[in-house]
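> Sequence and predicted model, in that order:
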Amino acid sequence: MAYATQGETIAEFVNTTKRFGRVLAADRLNLKIGKGEFLSFLGPSGCGKTTALRMLAGFEAPTEGRILIDGQEVGAEPAYRRPVNMVFQHYALFPHMTVAENVGYGLRQRRPRLAKEDIAARVTRALDTVRLGDFGPRRIWEMSGGQQQRVALARAIVNEPKILLLDEPMAALDAKLRGEMQTELLSLQRKLGITFILVTHDQQEALSMSDRICLMGKGRIAQIGTPRELYDRPANRYVADFVGRANILTGTVIRNIGEHALVRLASNHDVVVEAPHPVSPGAKVDLAIRPEALRLATAPQPGLPDIVAKLCRMTFLGEHVEYLLSHPALGQLQVMVPRQAERALPGVDTGHEVHILWDQGNGLILGQD
Amino acid sequence: MRIYALAVYVFLYLPIGIIALFSFSAGRSASQMQGFSTGWYAKALSNPFVTDALKTSATVALISAILASIFGTMAALALSGMKGRIRVLFDALIYIAVMIPGIVIGIATLIALVTVFDAVNPSLEAVTGWRLSMGRGSLIAAHVLFTMSLVIIIVRARIEGMDRALIEASNDLGAGPVATFWQVTLPMLAPAILAGFLLSFTFSFDDFIIAFFVAGSETTLPIYIFSSIRRGVTPEINAIGTMVMGVSLALLVIAQLTLRRGKAPGQ
């Protein structure tokens, strides 16, 4: 699944495969990463996202295929000769050094040696960038989790790497701090213009921060695209299921209508959905429709199929109310109703029958996994 | 239960306490308290046999502790890189080395050294006019062999507890294997190595059994105490014993503290 980026390419996986014994951790990855891009590897644990990152960092060598950084093949280069730096999941700060010594570590390894004053100046600048200006002389264990993360960030960016690798850096932070760090990380990336590659299992994090997301599953790339592309046009069942929530149904294609198709559901209702790939009439297909793309009403609406389902559960989520419905032929369906729209459902309670409104053009046909 | 526990402790420590107490006796009897004086300490420290034995013991303990720390750390690092059955085998061998009674190690070392000396000496003497014999060298060798396993056990525990990501972070920041060893691995292991060094020193300094077999004509402090007891126990022996005990306890406490201090941050 080659993806051409608009600008220059900074890193590239070419048929990169990694096996650990019998386990296939990464299966023929093909991916180009653009200069200055914020790319996320997203997926559940064991999907190969961390392996991909570690191969880029130089901690694992690919079993087959190639890895290029800035046009140079780096498959055999050890980590200490690669122009990339990493922010580790648990930060991996050196406990026997101060904050400033940690940040200056990479600069002290440079040959020819940098002048002491030069190192000190760069360390101060890096600490200022992550808003830890006065913390240089502190010990690592005197810093909070969020501060340690900034130190780890400063220790990486001070070396001005071509790519900054982030291995689930926010997993250990509480929700509020995580939100702040996300914003900060994003503005830092815009300011520095360095390519950021983030590994995460948190789809909200990936959706809100990334220019592009590389969604992985079972060692393979399931889909690469912008957050909107992944959300609006999931390539297959796996993507639709992993990114956001989706009702996944089966149906039979009746006919094509331009980029749409008329599909007959198992309940014999006909709906018009998007068809990203050409489909032939008569074909059995999987459909996905987001819970917020369906509406509920107390009466059928002319021109739309009349799907009647029983309300099983209502979950109050603040701005939204999640309705769980059950239909004899379609199974369970989720509908997300904004608080505003709830007023159109007076007196509706669990056990009642409601009409599900499926607007024309909502939902889409999924490709094969 | 409490009385029982108390009895055990009294039984264990009362004799030791009494030795310490009687070392301050002013009289000539080693088993009676007659007034208070530090005279026996002065006498012990001005006895040339005692000071010589003390010097020998301290030198042997220092050199063997240094060698045991170096070789033990190297062995621990090598072991941590091993996998599977070979590692299990070597681990078991190290624990066995600690558990084997001193007398067995003493005899075994003696036999091994004598055999080697007999085999090597004729040709060595023909070439250099000099021959190997029991003495300080054999004593240090025997102590290093034993104390090395103590260092390996302590340093291994520290390596196991170390975050592997620290090594990766160092590599990631541009430090190769050698630079990483000096800047990250060694400083992280330092408290454990120091603790191992102090334990080795204490062991070597206190050891009588192994030294008795392989010391040749050298007299260490424990050997001196043993031989002078045969001529009757005086409060001077009590004073020497108390000093040795004091030094050993102090080193053990320092060893424990360094180990604990090394672990405190970050964990």
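Sure thing, it's come through.

> Run through chain B and note the low-pLDDT ranges.
Within chain B, the stretches falling below the threshold (pLDDT under 70) are B:30, B:262-267.

> what's the answer for chain A, then?
For chain A, the ranges with pLDDT under 70 are A:1-6.

> Get me the contact residues on it for chain B.
Counting by CB under 8 Å from any CB of the partner chain, the residues of chain A close to chain B are A:57-59, A:78-81, A:84-86, A:88-90, A:92-96, A:105-106, A:109-110, A:139-141, A:155, A:159. For glycine as for every other residue, the C-beta is placed from the backbone atoms N, C-alpha and C.

> Please, a ChimeraX command that selects the buried ones among those residues?
Provided next is the ChimeraX selection string for whichever of the residues of chain A next to chain B are buried by 16 or more other CB atoms under 10 Å in any protein chain shown:
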select /A:57,58,59,79,80,84,85,86,88,89,90,92,93,94,95,96,105,106,109,140,155,159
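
> Now go through the residues of chain A next to chain B and say which are in helices.
Among those, the residues falling in helices (DSSP state H) are A:Ala57, A:Tyr105, A:Gly106, A:Arg155.

> since we're on the closest residue in space to the second one that isn't next to it in sequence, how many residues are nearby?
Residue nearest to A:Tyr105 in three dimensions, not counting chain neighbours: B:Leu173, with 5.1 Å by CB to CB, 6 or more residues apart in numbering or on different chains. For B:Leu173, the neighbour count with other CB atoms under 10 Å in any protein chain shown is 28.

> B:Leu173 and A:Pro83 touch, don't they?
No - at 11.9 Å, B:Leu173 does not count as touching A:Pro83 under the criterion of CB atoms under 8 Å.

> Up against chain A, what does the stretch 101-250 of chain B have?
Taking CB under 8 Å from any CB as the contact definition, the stretch 101-250 of chain B meets chain A at B:163, B:165-166, B:168-176, B:179, B:183-184, B:187-188.

> Go again with 6 Å.
When proximity is defined by CB under 6 Å from any CB of the partner chain, the stretch 101-250 of chain B lies next to chain A at B:Ala165, B:Leu166, B:Glu168, B:Ala169, B:Asn171, B:Asp172, B:Leu173, B:Gly174, B:Ala175, B:Gly176, B:Pro187.

> Surely B:Lys43 touches B:Pro235?
No - proximity of B:Lys43 to B:Pro235 does not meet the contact threshold set by CB atoms under 6 Å, at 8.7 Å.

> These two - which one has more neighbours?
For B:Lys43 versus B:Pro235, the count of surrounding residues by other CB under 10 Å is larger for B:Pro235: 28 against 15.

> How about the contacts made by the spatially closest residue to that one that is not a sequence neighbour?
With CB to CB, 6+ apart as the criterion, B:Pro235 has its nearest non-adjacent residue at 4.3 Å, and that residue is B:Trp40. When contacts are counted by CB atoms under 6 Å, 6 or more residues apart in numbering or on different chains, B:Trp40 is found next to B:Ser23, B:Pro235, B:Glu236, B:Ala239.

> again, only using 7 Å
Taking CB atoms under 7 Å, 6 or more residues apart in numbering or on different chains as the contact definition, B:Trp40 lies against B:Ser23, B:Pro235, B:Glu236, B:Asn238, B:Ala239.

> Surely A:Phe38 is in contact with A:Asp211?
Yes - using CB atoms under 7 Å, A:Phe38 is in contact with A:Asp211, at 4.7 Å.

> Of the two, give the one with the bigger neighbour count.
Each of A:Phe38 and A:Asp211 has its neighbours counted (other CB under 10 Å); A:Phe38 has more, 23 against 16.

> give me phi/psi at the more buried one?
phi -110, psi 100 (degrees, to the nearest 10).

> what's the distance between stretch B:61-69 and the middle of its chain?
8 Å (CA atoms, centre = their mean, to the nearest Å).

> Correction: the previous question concerned stretch A:120-131.
That offset, for stretch A:120-131, works out to 30 Å (CA atoms, centre = their mean).

> Can you pull out the residues in contact with it?
Stretch A:120-131 is touched from outside by A:100, A:103-104, A:107, A:133, A:135-136, A:150, A:153-154, A:157-158, A:188, with contacts defined as CB under 7 Å, 6+ apart.

> With stretch A:138-146 instead?
By CB under 7 Å, 6+ apart, the surrounding residues in contact with stretch A:138-146 are A:93, A:95, A:98-99, A:102, A:135, A:148, A:151, A:172-173, A:177, A:181, B:265-266.

> same thing but 8 Å
Contact with stretch A:138-146 is made by A:93-95, A:97-99, A:102, A:135, A:148, A:151, A:172-173, A:177, A:180-181, B:264-266, as judged by CB atoms under 8 Å, 6 or more residues apart in numbering or on different chains.

> just stretch B:245-262 next, same as before
In this structure, residues lying in contact with stretch B:245-262 by CB under 8 Å, 6+ apart are B:16, B:20, B:154, B:158, B:190-192, B:194-195, B:198-199, B:201-202, B:205-206.

> Pull up the overlap in contacts between B:Lys43 and B:Pro235.
None of the residues lies in contact with both B:Lys43 and B:Pro235 under the rule CB under 8 Å, 6+ apart.

> Using CSV, write out every CA atom in stretch A:191-208.
Taking Å, rounded to 0.1, in the frame of the first residue of the first chain, the C-alpha atoms of stretch A:191-208 are listed here in CSV:
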residue,chain,number,x,y,z
LYS,A,191,7.8,25.0,16.1
LEU,A,192,10.8,22.7,15.5
GLY,A,193,9.6,21.3,12.2
ILE,A,194,11.1,17.9,13.1
THR,A,195,9.3,14.7,11.9
PHE,A,196,7.6,13.1,14.9
ILE,A,197,6.6,9.5,14.9
LEU,A,198,4.3,8.5,17.7
VAL,A,199,3.4,5.0,18.8
THR,A,200,0.1,4.8,20.6
HIS,A,201,-2.8,2.5,21.3
ASP,A,202,-5.0,5.5,22.2
GLN,A,203,-7.1,6.4,19.1
GLN,A,204,-8.1,9.8,20.5
GLU,A,205,-4.5,10.7,20.9
ALA,A,206,-3.7,9.5,17.3
LEU,A,207,-6.8,11.3,15.8
SER,A,208,-6.2,14.6,17.5
